[in-house]
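> structure, please.
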Amino acid sequence: VAEDLMYVKEDIMLPCDITFYDLITTKARGKSGPLFSFDVHDDIRIGAVDSRVEKDESHPGKIVDRKWYDRNKHIFPASRWEQYDPAKEFTKFTIKG
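A predicted model of the protein is given here:
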């Protein structure tokens, strides 16, 4: 059942009643930046790649069973997850210094 699954992106648990379209059009933000970013990026296959340069690419999302979360919410990484709140601003986290 869909209600038994949770989608977690950037340590934010997204509710099942919100669509990806809504998150993308509202430019929803997580702890470390935008949850979904579809900007144009440099082609990493061309030229030398400097691994010291910080990227603004996001991490893949996770789909977890709600029962698993309830059993493991006191253990890392689930202990860092929090509910999505569109009004909350994450001002102390930045992508680039």
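> any idea of the mean pLDDT for stretch 76-88?
For stretch 76-88, the mean per-residue pLDDT is 87.
> in it, what's buried?
78, 81, 84 (16 or more other Cβ atoms under 10 Å). For the C-beta atoms, the positions are set from N, CA and C on the backbone; glycine is no exception.
> which of those residues lies closest to Ile18?
The shortest approach to Ile18 among those belongs to Tyr84, at 7.4 Å (Cβ to Cβ).
> helix or strand with the lowest mean pLDDT in the protein?
Among the helical and strand segments of the chain, the one scoring lowest on mean pLDDT, DSSP states H and E is strand 33-34, with a mean of 76.
> partner strands of that strand, with direction?
Strands adjacent to strand 33-34 in the sheet, as given by DSSP bridges, are strand 29-30 (antiparallel).
> and the strand it pairs with, how far out from the chain middle?
7 Å (Cα atoms, centre = their mean, to the nearest Å).
> repeat that for stretch 67-82.
The mean C-alpha position of stretch 67-82 is separated from the chain mean by 16 Å, Cα atoms, centre = their mean.
> now Tyr7: which helix or strand?
Following DSSP states H and E, one finds Tyr7 within strand 5-9.
> pull out the buried positions in that strand.
Across strand 5-9, burial judged by 16+ other Cβ under 10 Å covers 6-9.
> now those as JSON lines including distance to Thr26?
Formatted as JSON lines, the buried residues of strand 5-9 follow (distance: Cβ to Cβ, whole Å):
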{"residue": "Met6", "distance to Thr26": "20"}
{"residue": "Tyr7", "distance to Thr26": "16"}
{"residue": "Val8", "distance to Thr26": "18"}
{"residue": "Lys9", "distance to Thr26": "14"}
